[in-house]
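Participant: Generate a structure from the sequence data that follows.
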Amino acid sequence: MAEKGILAYFNSVAEAQSCIPKLKALRAIDIQVDRIGTYPGGGISETFNPLSNNFPGLTYLTSAAAPMDRDAGILTAVNVDASGMADGSRELLTSDPDDMTRRDTLLTVVLDEASYEQALRVIREAGGRE
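Facilitator: Next comes the predicted model:
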């Protein structure tokens, strides 16, 4: 039988993981949950003191962004996710269910084509958007 893939976006890793048992029951071939972000970078792999060490900027510490030039570092530091001083009220208080602004978790599922529609229902019931 043919395989089909689904890319679904969630608000949190826990929300995405909540539907994994049901997807496994549908005999999904592969399931993966990943956090995605606005900025490139693999995260911080060491512990250090930002007051005494040299680091590229605020988003390196808060959003795991890759080192960037000074101008880009300043601009990314005003993002809601990087600074508590940024105004994110428009993003946080949105009532639009189709708003993808805060969906930073990606669920990738590969499954048999016969189970595709059922898997979409499971994902939607868990709060995901494809």
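
Participant: going forward, measure contacts and count neighbours with C-alpha atoms only.
Facilitator: Fine.

Participant: what about Asp112, distance to Ile6?
Facilitator: According to CA to CA, to the nearest Å, Asp112 stands 11 Å off from Ile6.

Participant: What mean pLDDT does the host helix or strand of Ala16 get?
Facilitator: Following DSSP states H and E, one finds Ala16 within helix 13-17. For helix 13-17, the mean pLDDT works out to 93.

Participant: Can you name the element that comes right after the worst-scoring helix or strand of the chain on mean pLDDT?
Facilitator: In the chain, the helix or strand scored least confidently by mean pLDDT, DSSP states H and E is helix 89-92, which has a mean of 53. Counting by DSSP H and E, the next helix or strand C-terminal to helix 89-92 is strand 105-112.

Participant: Would you give the sheet partners of that following strand, along with the direction of each?
Facilitator: strand 3-10 (antiparallel), strand 30-35 (antiparallel) (DSSP bridges).

Participant: in the shortest one, what's buried?
Facilitator: Residues of strand 30-35 classed as buried under the neighbour-count rule (16 or more other CA atoms under 10 Å) are 31, 33.

Participant: which residues touch it?
Facilitator: Residues from elsewhere that reach strand 30-35 (CA atoms under 8 Å, 6 or more residues apart in numbering): 13, 16-17, 20, 104-111.

Participant: Quick check: closest non-adjacent residue to Ile123.
Facilitator: Cys19 (6.4 Å; CA to CA, 6 or more residues apart in numbering).

Participant: now swap in Asp104 and tell me
Facilitator: Ile36 is the one closest to Asp104 (CA to CA, 6+ apart), at 5.2 Å.

Participant: ok, the one you found to Met1 distance?
Facilitator: From Ile36 to Met1 the distance is 31 Å (CA to CA).

Participant: more neighbours, those two?
Facilitator: Per other CA atoms under 10 Å, whichever of Ile36 and Met1 has more neighbours is Ile36, with 12 against 7.

Participant: hmm, back to that, let me have the contacts of strand 30-35 in JSON lines, extended by distance to Ile74.
Facilitator: Converted to JSON lines, the contacts of strand 30-35 look like this (distance: CA to CA, whole Å):
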{"residue": "Val13", "distance to Ile74": "29"}
{"residue": "Ala16", "distance to Ile74": "32"}
{"residue": "Gln17", "distance to Ile74": "34"}
{"residue": "Ile20", "distance to Ile74": "39"}
{"residue": "Asp104", "distance to Ile74": "22"}
{"residue": "Thr105", "distance to Ile74": "25"}
{"residue": "Leu106", "distance to Ile74": "28"}
{"residue": "Leu107", "distance to Ile74": "31"}
{"residue": "Thr108", "distance to Ile74": "33"}
{"residue": "Val109", "distance to Ile74": "37"}
{"residue": "Val110", "distance to Ile74": "40"}
{"residue": "Leu111", "distance to Ile74": "43"}
